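J.: have a look at this prediction, sequence included:
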Amino acid sequence: MRRSLQRPIHMQGVGVHGGAPAHLTLRPAAPETGYLIRRRDLKGEAALIPARYDLVTDTRLCTRLTNAQGGSVGTVEHLMAALAGCGLDDVLIEIDGPEVPIMDGGSRPFVEAILAAGLTETDAPLQAIRILAPIEVRHEGKLARLEPCARFEGRFLIEFPDPAIGRQEIALDLTGDAFVEELAAARTFGRLFEIEKLREMGLTRGGSLENAVVVDGGRVLNPGGLRWPDEFVRHKMLDAVGDLALAGAPILGRYIGEKAGHDMTNRLLRALFAAPHLWRFESVEGARGAVLPDALPLTAPLLDSLPAAAGLRVSA
């Protein structure tokens, strides 16, 4: 059955690119709402932005959504990953500006707040997108692919010249509590020379070692180091989960990404929905991104094994 929140969640942070304070509220929503964003600082239809793959208008530094009236919101991917990874289907997302707060650079703060608030099941059945045949997109040496699988699985490969990152691979069964335990705490990362260039362009104003892993060649500059030795590829998988959540329903299939990012995953979804013979809607238990305990509301013991996330300011 479809799930929503038991009660509202209020969070605050900063937009990583604009640097402005950002206030976020997640509210329970009626079945079939999906993920719907409401900009509190805008009026009329421009304020409502459905979180859908076909409204993605920019993928250069984050995933940005824009509606037909010009209302937009960026850096949605970590929040979308948390919603899907915790098994939420219908949520109203209220925000007072153009960016979702970056929090600690991953999805853990959102997951922690969701588990504290609790989930509730409705009487509306959940349908998943079953992948019937492989589909892939390739561009400039990058690959994104979906193929049939009995469950929701992911594989990812990255390769960077920086010795601190290098070549990393991960493969996960993303049902059960896998997202919460294996991906949620993985933080976004950047290379020092790239960040310096972006700063010169007036971007990443809200970025810091508190909300991103920064590498300089063979060094990780964060005083606390990494949360996992392969935190970089785990975060790329986290991003993919968030971008796939814009499909509008859980995916029953295997996602494969090789050196892919937001752009490639969005290209893949557009190609998938342009080929209706490659997928179908289906009620399948194994499709849910998080098959969480039967007893609702949920509590937070799932987070006990996660690497610590410092400096969280969360209220539910």
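T.: Looks like it came in fine. For clarity, every value in this text was computed on a predicted model and none was experimentally measured. Numbering: from 1, shown residues only.
J.: right, and residue 83 touches residue 34 too?
T.: No: using Cβ atoms under 8 Å, residue 83 makes no contact with residue 34, being 10.0 Å away. For every residue, glycine as well, the C-beta is placed using N, CA and C.
J.: helix, strand or coil for the nearest residue to residue 139 once chain neighbours are set aside?
T.: Take residue 139 and drop its neighbours on the chain: the residue closest to it by Cβ to Cβ, 6 or more residues apart in numbering is residue 264, 6.5 Å away. Three-state assignment for residue 264 (DSSP: H, G, I helix; E, B strand; the rest coil): helix.
J.: ok, now residue 199?
T.: Put simply, residue 199 is helix when judged by three-state DSSP.
J.: residue 149 now?
T.: coil.
J.: let the chain start at 17 from now.
T.: Happy to do that; since the first residue is 17 now, the last one works out to residue 165.
J.: count of neighbours near the residue lying closest to it once chain neighbours are set aside?
T.: Nearest non-adjacent residue to residue 165, counting by Cβ to Cβ, 6+ apart: residue 270, 3.8 Å away. Here the number of neighbours of residue 270 (other Cβ atoms under 10 Å) works out to 21.
J.: list the contacts for residue 270?
T.: With contact set as Cβ atoms under 8 Å, 6 or more residues apart in numbering, residue 270 has these partners: 147, 162-165, 168-171.
J.: please apply the same query to residue 235.
T.: residue 180.
J.: need the phi and psi values for it.
T.: Backbone geometry at residue 235, expressed as degrees, to the nearest 10, gives phi -110, psi 140.
J.: tell me the pLDDT at it?
T.: Per-residue pLDDT puts residue 235 at 95.
J.: the residue nearest to residue 155 reaches residue 160, doesn't it?
T.: Yes: assessed by Cβ under 8 Å, residue 280 is found in contact with residue 160 at 4.0 Å.
J.: which neighbours do these two share?
T.: With Cβ under 8 Å, 6+ apart, residue 280 and residue 160 have common neighbours 153, 273.
J.: which of those two has more residues huddled nearby?
T.: Neighbours were counted for residue 280 and for residue 160 using other Cβ under 10 Å; residue 160 has more, 28 against 23.
J.: and that one, which of the three is it?
T.: strand.
J.: show me what it is bridged to.
T.: residue 153, residue 273 (DSSP bridges).
J.: the one 10 residues further on now?
T.: Beta-bridge pairing of residue 170 under DSSP bridges involves residue 188, residue 271.
J.: can you name the residues that contact the nearest residue in space to residue 182 that is not next to it in sequence?
T.: Nearest residue to residue 182 in three dimensions, chain neighbours excluded: residue 176, at 6.6 Å (Cβ to Cβ, 6+ apart). Residues near residue 176 by Cβ under 8 Å, 6+ apart: 182-183, 207, 248.
J.: farthest-separated two in these?
T.: 183 and 207 (15.5 Å; Cβ to Cβ).
J.: who has more neighbours, the two?
T.: More crowded of residue 183 and residue 207, by other Cβ under 10 Å: residue 207, with 17 against 9.
J.: the more buried one and residue 228 touch, don't they?
T.: No: Residue 207 lies out of contact with residue 228 (Cβ under 8 Å); the separation is 10.7 Å.
J.: just the contacts of residue 176: which are in helices?
T.: Residues of the contacts of residue 176 located in helices (DSSP state H): residue 248.
J.: identify, from the contacts of residue 176, the entry nearest to residue 88.
T.: For those, the closest approach to residue 88 (Cβ to Cβ) belongs to residue 207, at 26.9 Å.
J.: in what helix or strand does residue 296 lie?
T.: Secondary structure assignment for residue 296, by DSSP states H and E: strand 295-298.
J.: so what's the closest residue to residue 183 other than its chain neighbours up against?
T.: Closest residue in space to residue 183, ignoring its immediate chain neighbours: residue 175 at 4.4 Å, by Cβ to Cβ, 6+ apart. Under the criterion of Cβ under 8 Å, 6+ apart, the neighbours of residue 175 are 182-184, 275.
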